[in-house]
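Student: Okay, sequence plus prediction incoming.
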Amino acid sequence: MNCPNLIEIYAYLEQELSAEDRLRIEEHLEACPGCRKLLAGRRFYLESLAGLPSLEPPPDFTDRVMSELPPLKSPARLWLGLAGGLYLLFSLLVAGLALGTRTALFPVCLKIFKGLFNLAADFSSLIIRLIQQAYGIVKGLRIFLGVVAGLLTDIFPAGGLGLAALVLAVPLSLVLFWLLLRPAKILSRS
């Protein structure tokens, strides 16, 4: 017979098993000293927990914790709202066109709608990727500048820190912008 798992052991201790499952585990416990030891340890653990005093958090605990949390920031919220508004406007325009033309122009309007919808989907995907890239660049710059600032505070005394930061930050920023703005060379492999 297989040994019961911890869930079954706890269910046995909490008397949440059916009579036949309880009998099966009791028969197994008679033959398995490892499971008897495990059961005794879990029983001791549950009895120790029952002996602890119940603790109640202060009434303002939730408010204090929530006030200490930083606000949620979504850098793309404005852009996503704008894209959603454009989708709504686009949908209303195309629906008006489609419902208003029950003539021979309907198949043409449907093809135009499909083409415009695919274009809008590709454009929104591009916008989302651009937002993600911009967010990654800003995050990388923040980390880079934090590291540079940490190095400068270790190297220069506090009085000359502003001048040293200016002297180092300007060339580094120019190099970084040059690297970001230069055209990428794509190598093709044959």
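Tutor: Good, I have the coordinates.
Student: pull the helix or strand with minimum mean pLDDT from the protein.
Tutor: helix 77-100 (a mean of 69; mean pLDDT, DSSP states H and E).
Student: Which elements pack onto the next helix or strand after that helix?
Tutor: Tracing the chain C-terminally past helix 77-100 and defining elements by DSSP states H and E, one meets helix 106-155 next. If contacts are counted by 3 or more Cβ pairs under 8 Å, 6 or more residues apart in numbering; DSSP states H and E, helix 106-155 sits against helix 77-100, helix 161-181. For the C-beta atoms, the positions are set from N, CA and C on the backbone; glycine is no exception.
Student: domains of this structure?
Tutor: Annotated domains of the chain cover 6-50, 77-181 [automatic domain parsing].
Student: Asp60: which of those domains is closest?
Tutor: Of all the domains of the chain, domain 6-50 sits nearest to Asp60, with 27.2 Å by Cβ to Cβ.
Student: Any stretches of this structure with poor pLDDT?
Tutor: 1, 72-79, 89, 92-110, 112-113, 152-167, 183-190 (pLDDT under 70).
Student: hmm, try it at 90
Tutor: 1-19, 21, 24-29, 32-190 (pLDDT under 90).
Student: secondary structure class for Ser16?
Tutor: Just so we're on the same page, residue 16 is Glu rather than Ser. coil (DSSP: H, G, I helix; E, B strand; the rest coil).
Student: roughly how far apart are it and Arg43?
Tutor: To Arg43, Glu16 is 15 Å away according to Cβ to Cβ, to the nearest Å.
Student: burial count for Trp83?
Tutor: Let me fix one detail, which is that residue 83 is Ala and not Trp. Residues lying near Ala83 (other Cβ atoms under 10 Å) number 17.
Student: My guess is it contacts Leu126. True?
Tutor: No. Using Cβ atoms under 8 Å, Ala83 is not in contact with Leu126, being 10.5 Å away.
Student: and Tyr12, how many neighbours?
Tutor: By other Cβ under 10 Å, the residues close to Tyr12 number 20.
Student: Which of the helices or strands spans it?
Tutor: helix 6-13.
Student: Next SSE downstream of that helix?
Tutor: Taking DSSP H and E, what comes next after helix 6-13 is helix 19-31.
Student: Same question for that next one: list its buried residues.
Tutor: 24-25, 28-29 (16 or more other Cβ atoms under 10 Å).
Student: With stretch 118-125 instead?
Tutor: 120, 124.
Student: Need the contact partners of that stretch.
Tutor: 83, 86-87, 90 (Cβ atoms under 8 Å, 6 or more residues apart in numbering).
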